[in-house]
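Engineer: Sequence and computational prediction follow.
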Amino acid sequence: MTSFLDLIGDTPLVEVTRMDAGPCRLFLKLESANPSGSVKDRPARAMIEAAETDGRLAPGGTIVEATAGNTGLGLAFVGGGKGYRTVLVVPDKMAREKILHAKALGAEVVITRSDVGKGHPDYYQDLAETIATRTRRAIYINQFANPANPAAHEATTGPEILRQLDGDVDAVVVGVGSGGTLTGVGRFMRRRSPKTEMILADPEGSVLAPFVKTGRMIEAGNWAVEGIGEDFLPPNADLSLVRDAYSISDQESFSTARELVRREGILAGSSSGTLLAAALRYARAQTRPKRIVSFVCDSGAKYLSKVFDDAYIAQEGWTERERRGTVGDLVASRYRDGGAVSVRPSDNLRTVFARMRAANVSQLPVVEDERIVGLVDESDVLGALLTEGSAKAFSRDVKNVMVTRLETISANAPIADLVPLFRKDLVAIVLDGDQFLGLVTRIDLINHFRIAR
Ligand code: PMP
């Protein structure tokens, strides 16, 4: 190793051996092993170096990109390492963890609206272009049309795959965000391994797989998987390279990612779940043994509070649990499953505060022997602090501070029975018999209406 840039690429390839790949062998290339954690480090480096080579980027220059994710991290890593200023324009719905990661790498983050479309000055791509135009010695990277993006995969990802599989690859299963991976790897295989089929894995709701299948543009929908799927055809995505395409639901993508870590120990992100689900379907549909490669595009560590959070999965309605149209359906985190955050009557207010902060909730049930004995919220804690001073109040037992006059509701009650409780500004304390099941708040009811649509 001579430079931080040498950390990019040469990623490991592992075989999936504990999942059903039909008659085939299935391999995953771990792009999560790149230094900023994703497949995007390769094009980030290539796009920056191409701009250096043609003179658009020089010392003192600024790199600007519109990105909601991994491309920004790659640019921050490479750009920061090379001493450039990096400005990322991100829509305000982007996960906090990714913004903090980009800032930790030294990037400046400009947050903009996510409720406007292309052509609006606040749309993240339009705003990035404006910032690049108005900033001296700045370049707008534009991964969707920048030829160095697919070129990076043609020069590195494709050759690595062929070498790691001793020149024998029947199919590569890819997702398309910008199209860099598809087009780069596809072009390389067309030249060097013409038998290799490129298979598209696409989230349901994206226009890409339907376009491949029918040649027609559908109206784009919504999907929760991050980094792949589009509502337009990116100039960098050469869809003529694609032999077949699979549309995969969010639920299947998430459950496949969860299965991957349980069976193979590989913690992969949501887009990797989509790719693996498509790869498994393709593999099982084969009648003769084939050698198939797909990607772990980034690590599941970025999605712990989504893909790997049982409460999130329950809120999406993706559990095996039977739905009965009663209040019990809305309890996403159940006390008896260890899901609901709670305190015991003898815990002190320091513990109460720590648990509220860690779980980002404003109230906690106080539970003893599976029964709820009280409820404590921020105003109870603040009240104690203001009357007694913090030193004393924080060591107080919650049993002296909690509210004990509780209105409860049965898990078997109809969902409509929640409404009067919420009108009285109460949180619903749900009981199964006399056992505490969990809390239901307004956001749970709102979410219930969302998934019931
Ligand atoms: N997975 C994830 C998590 C990504 O961030 C991206 C890039 N947007 C991709 C897959 C797809 O890569 P590409 O841009 O090469 O199409």
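Structural biologist: Noted; the coordinates are in hand. Numbers count the residues shown, from 1 in each chain.
Engineer: How many residues are close by residue 351?
Structural biologist: 16 (other CB atoms under 10 Å). C-beta coordinates here come from the backbone N, C-alpha and C atoms, glycine included.
Engineer: And the contacts of the helix or strand that contains it?
Structural biologist: Secondary structure assignment for residue 351, by DSSP states H and E: helix 349-359. With contact meaning CB atoms under 8 Å, 6 or more residues apart in numbering, helix 349-359 is reached by 341, 343, 362-364, 376, 378, 381, 384, 393-396, 398, 401.
Engineer: So which of those residues sit within helices?
Structural biologist: 378, 381, 384, 393-394 (DSSP state H).
Engineer: quick one: which of those has the most company?
Structural biologist: Once you tally neighbours by other CB under 10 Å, residue 381 ends up highest among the ones in helices among the contacts of helix 349-359, having 23 neighbours.
Engineer: Skipping its backbone neighbours, what lies nearest that one in space?
Structural biologist: The shortest distance from residue 381 to any non-neighbouring residue, by CB to CB, 6 or more residues apart in numbering, is to residue 349 (5.6 Å).
Engineer: Could you confirm whether stretch 198-208 reaches the ligand?
Structural biologist: No. If you take CB under 6 Å from any ligand atom as the test, stretch 198-208 misses the ligand, and the best it gets is 9.5 Å.
Engineer: how long is that stretch end to end?
Structural biologist: Stretch 198-208 has an end-to-end distance of 14 Å (criterion: CA to CA, to the nearest Å).
Engineer: chain center to it: distance?
Structural biologist: When distances are taken as CA atoms, centre = their mean, to the nearest Å, stretch 198-208 is centred 17 Å away from the chain's centroid.
Engineer: go on, stretch 377-397?
Structural biologist: With CA atoms, centre = their mean, you get 38 Å for stretch 377-397.
Engineer: the helices in the stretch 251-400 of the chain, which residues?
Structural biologist: 270-284, 310-315, 349-359, 378-388, 390-394 (DSSP state H, counting those that start in this stretch).
Engineer: Domain map for this structure?
Structural biologist: For the chain, automatic domain parsing gives the domain ranges 4-34+147-303, 41-140, 323-451.
Engineer: Mean pLDDT for these - can I get that in CSV?
Structural biologist: Shown next, in CSV, are the domains of the chain (pLDDT from 0 to 100):
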stretch, mean pLDDT
domain 4-34+147-303, 97
domain 41-140, 92
domain 323-451, 92
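Engineer: wait, isn't residue 370 in contact with residue 437?
Structural biologist: No. Contact criterion CB atoms under 8 Å: residue 370 and residue 437 do not qualify, at 9.8 Å.
Engineer: okay, those two: which has more neighbours?
Structural biologist: Neighbour count, other CB under 10 Å: between residue 370 and residue 437, residue 437 has more, with 25 against 13.
Engineer: I'd assumed the more buried one was in a strand, is it?
Structural biologist: Yes. According to DSSP: H, G, I helix; E, B strand; the rest coil, residue 437 belongs to a strand.
Engineer: Who are the contact partners of it?
Structural biologist: 328, 331, 334-336, 411, 430-431.
Engineer: Write a PyMOL command that selects only the buried members of these.
Structural biologist: A single PyMOL command selects the buried members of these (16 or more other CB atoms under 10 Å):
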select buried, resi 328+331+334+335+411+430+431
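Engineer: what ranges do the strands span in the stretch 51-200 of the chain?
Structural biologist: Assigned by DSSP state E, counting those that start in this stretch, the strands in the stretch 51-200 of the chain fall at 62-66, 85-91, 108-112, 138-140, 171-174, 197-203.
Engineer: Burial-wise, tell me which of the ones you listed comes out on top.
Structural biologist: Burial of the strands of the stretch 51-200 of the chain is given as mean neighbour count (mean count of other CB atoms under 10 Å); strand 171-174 ranks first at a mean of 28.
Engineer: where's the residue nearest to residue 273 when sequence neighbours are not counted relative to residue 276, distance?
Structural biologist: Spatially, and ignoring its direct neighbours in sequence, residue 273 is nearest to residue 257 (3.2 Å; CB to CB, 6+ apart). As judged by CB to CB, to the nearest Å, residue 257 and residue 276 stand 7 Å apart.
Engineer: Report the set of residues contacting both of these two.
Structural biologist: Counting by CB under 8 Å, 6+ apart, the shared contacts of residue 257 and residue 276 are residue 268.
Engineer: Need the residues that contact stretch 36-45.
Structural biologist: In contact with stretch 36-45 (CB under 8 Å, 6+ apart) are residues 5, 8-9, 31-32, 34-35, 69-71, 73-79, 101, 105, 143, 146, 148-150, 152-153, 156-157, 178, 180-181, 227, 295, 297-299, 301-302.
Engineer: and those near the ligand, which?
Structural biologist: Near the ligand, by the rule CB under 6 Å from any ligand atom, you find 69-70, 178, 180-181, 227, 297-298 out of the contacts of stretch 36-45.
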